[in-house]
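S.K.: Make a model of this:
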Amino acid sequence: MERKRDTYTCYPYQFAFLFLRDRFTITVKARQVGFSYAFAMRGLYRALDSPNYSALYLSLNQRDAEEKIRYARLLYHSLPKEKRKVRLVRDSLQEIAFSNGSRLLSLPCSAGLRGKSGHLFLDEFAHFREDEEIFIAALPLASRGYEVHIASTPLGKRGLFYEIYTNEEKYSQYRRFRIPWWHCPVFVTDLQRAMEEAEKFTTEERVERFGTPALKEIFYTFPTIEGFQQEYECSFISDEGAFFPYDTILKAVSDELPLVPAGAKTGYFYLGVDIGRTRDATAIALVFQPFSGFSHLVNLEILYKLPFNEAFQRVDNLIKLYRPLKVYIDRTGMGMPLAEELERRWGKVVEGVYFGTQNKEAMMTNLRSLMERGDLRIPRHSELILQLHGIERGSYSGRGHDDAAWALALACAGLRGRGSIEVAGGESLFKDFSL
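M.R.: Alright, predicted model coming up:
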């Protein structure tokens, strides 16, 4: 979707989706191709055209839910006045309603479907943690004649999104669509040729032949080629060989992490610093462990081609600001000078870590255990998620870039789970004495 002054120009697939007659659709799509806009556009078009129409959008989080309503609102106000015969009578962050009885309601997926009805739009469904519960709750809506439209970028060969999209026999009522990057005008230099020819080439070849400079930059800075294929070419990555399966990662992802200010007295900060060995990137992860509750990633920085003095200054400033209990820094190879300088300045607060096989296994195993037990939460950071999934069993190294994953593992090196402590039996020696 492109905006020109006060009008909007649709991409071909957005326009096609607007007029689909199918009740059940599922679309696997690349990132940033504007399908959330297509969802909002279809809902608004039907709401204005059909009295008492009701659309229900479920998104990953509150921000994404509000985005659908914002799109619909902007579209409504971009219409000529003579075409706005149906008046807007209610307008909030999550809902807009019209004088003909129609409404659009948009909620985060955590709100669920209990007590709600309407034509259902599930956005980024592959990334829903409670996908089965939501889908089961949607079945009564489908049985009452409502439409169900599902769209998402892939998240591995797992979950209901993958099952519905690939199992045509079991889910025969769904019409399937695919929107890779070369179907999106913003990513290609020649849309017609790309749509006709891109499938013939490898990923690298079609990026070079048809990709815009922006798309090429995305490709060449992506953590792994498999990750790019999943995020932009609608490919489902297998968990085979992954030390962090997608289900483990998804269990740790949260869209509602608490804000923790510098100087917080309710727990401890830990800092992890990884000096990039494959793309001149330094990654810095800040984790907070409260006295009660789960630990979580507060901040993650991936800094490219950072000179030594600037890297030192950035880490030094973070130590001054957050006063972490411990700073774990990669001191293997390129990381040694930075680790030594920080150790001289901050003493025992800073601990250099050699990336030998034993240390790598211990750190990654600890990180996975924290995630599996629910003791650690991370934000929905796409590059971090791809890097974690790229860590291979046995080598504990990424299939591509892994600096952010290692910064997180380093920051969590001092964290341990909060399992209960088993108390030994026996009586207190002092129970018969008054103290």
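S.K.: Would you mind writing the CA trace of stretch 220-238 as PDB?
M.R.: Output in PDB follows, covering the C-alpha atoms of stretch 220-238 (Å, rounded to 0.1, in the frame of the first residue of the first chain):
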ATOM      1  CA  TYR A 220      23.000  -9.300   3.200                       C
ATOM      2  CA  THR A 221      22.600  -8.400   6.900                       C
ATOM      3  CA  PHE A 222      20.200 -11.200   7.800                       C
ATOM      4  CA  PRO A 223      21.300 -13.700  10.400                       C
ATOM      5  CA  THR A 224      21.000 -16.800   8.100                       C
ATOM      6  CA  ILE A 225      19.900 -17.400   4.600                       C
ATOM      7  CA  GLU A 226      17.300 -19.900   6.000                       C
ATOM      8  CA  GLY A 227      16.000 -17.100   8.200                       C
ATOM      9  CA  PHE A 228      15.600 -14.800   5.200                       C
ATOM     10  CA  GLN A 229      13.800 -17.500   3.200                       C
ATOM     11  CA  GLN A 230      11.400 -18.000   6.100                       C
ATOM     12  CA  GLU A 231      10.800 -14.300   6.700                       C
ATOM     13  CA  TYR A 232      10.700 -13.100   3.100                       C
ATOM     14  CA  GLU A 233      10.200 -16.100   0.800                       C
ATOM     15  CA  CYS A 234       7.400 -18.000   2.700                       C
ATOM     16  CA  SER A 235       9.600 -21.000   3.500                       C
ATOM     17  CA  PHE A 236       9.000 -23.100   6.600                       C
ATOM     18  CA  ILE A 237      12.200 -23.900   8.500                       C
ATOM     19  CA  SER A 238      12.500 -27.200  10.200                       C
END
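S.K.: So for whatever helix or strand Lys320 lives in, mean pLDDT?
M.R.: Counting by DSSP states H and E, the element that carries Lys320 is helix 308-322. Averaging pLDDT along helix 308-322 yields 91.
S.K.: can you list contacts of the following helix or strand past that helix?
M.R.: For helix 308-322, the succeeding helix or strand toward the C-terminus, using DSSP H and E, is strand 326-330. Counting by CB atoms under 8 Å, 6 or more residues apart in numbering, strand 326-330 makes contact with 270-275, 315, 319, 335, 338-339, 342, 346, 349-353, 355, 406, 410-411, 413-414, all of which sit outside it. For every residue, glycine as well, the C-beta is placed using N, CA and C.
S.K.: Which among these count as buried?
M.R.: Judged by neighbour count, with 16 or more other CB atoms under 10 Å as the criterion, the buried members of those are 270-275, 315, 319, 335, 338-339, 342, 350-353, 355, 406, 410-411, 413-414.
S.K.: give the contact list for the nearest residue to Ala142 once chain neighbours are set aside.
M.R.: Spatial nearest neighbour of Ala142, chain neighbours left out: Val148 (5.4 Å); criterion: CB to CB, 6 or more residues apart in numbering. Remark: with contacts taken as CB under 8 Å, 6+ apart, Val148 is in contact with Arg23, Phe24, Thr25, His119, Leu120, Leu122, Ala138, Leu141, Ala142.
S.K.: again, 7 Å this time
M.R.: With contact taken as CB atoms under 7 Å, 6 or more residues apart in numbering, Val148 is in contact with Phe24, Leu120, Ala138, Leu141, Ala142.
S.K.: Can you flag which of these belong to strands?
M.R.: Using DSSP state E, the members of the contacts of Val148 that fall in strands are Phe24, Leu120.
S.K.: of the contacts of Val148, closest to His389?
M.R.: In terms of CB to CB, no member of these lies closer to His389 than Ala138, at 27.7 Å.
S.K.: which residue packs closest to that closest one, ignoring adjacent ones?
M.R.: Leu120 (5.5 Å).
S.K.: returning to what we had before: let's see the pLDDT reported for the residue nearest to Ala142.
M.R.: For Val148, the model assigns a pLDDT of 95.
S.K.: Tell me how far it lies from Leu141.
M.R.: Going from Val148 to Leu141 by CB to CB, to the nearest Å gives 7 Å.
S.K.: So for those two, which residues contact both of them?
M.R.: Taking CB under 7 Å, 6+ apart as the contact rule, Val148 and Leu141 both touch Leu120.
S.K.: which of the contacts of Val148 are buried?
M.R.: Among the contacts of Val148, those buried by neighbour count (16+ other CB under 10 Å) are Phe24, Leu120, Ala138, Leu141.
S.K.: Leaving out sequence neighbours, find the closest residue to the last one.
M.R.: In other words, Leu141. Spatial nearest neighbour of Leu141, chain neighbours left out: Leu120 (5.6 Å); criterion: CB to CB, 6+ apart.
S.K.: Does the one you found touch Ala137 like I think?
M.R.: No: counting by CB atoms under 7 Å, Leu120 sits too far from Ala137 to count as a contact (9.6 Å).
S.K.: List the contacts of the helix holding Lys320.
M.R.: Here helix 308-322 makes contact (CB under 7 Å, 6+ apart) with 262, 269, 271, 273, 282, 284, 286, 303, 327, 337-338, 341-342, 345-346.
S.K.: Can you tell me which of the residues you listed comes closest to Ala30?
M.R.: The shortest approach to Ala30 among the contacts of helix 308-322 belongs to Leu303, at 26.8 Å (CB to CB).
S.K.: tell me, how many neighbours does the closest one end up with?
M.R.: As a burial measure, Leu303 scores 15 neighbours (other CB atoms under 10 Å).
S.K.: repeat for the one 5 residues further on
M.R.: If you count neighbours by other CB under 10 Å, Phe308 ends up with 13.
S.K.: Filter the contacts of strand 326-330 down to just the ones in helices.
M.R.: The members of those that map onto helices under DSSP state H are Val315, Ile319, Leu338, Ala339, Leu342, Trp346, Trp406, Leu410, Ala411.
S.K.: Show me the two of those that sit farthest apart.
M.R.: Taking CB to CB, the two most distant members of those are Trp346 and Trp406; they sit 20.5 Å apart.
S.K.: Would you mind measuring from the residue nearest in space to the middle of the chain to Arg206?
M.R.: To find the centre residue of the chain, average its C-alpha atoms and take the closest one (CA atoms, centre = their mean): that gives Arg380, at 3.5 Å. Spatial separation of Arg380 from Arg206 under the definition CB to CB is 28 Å.
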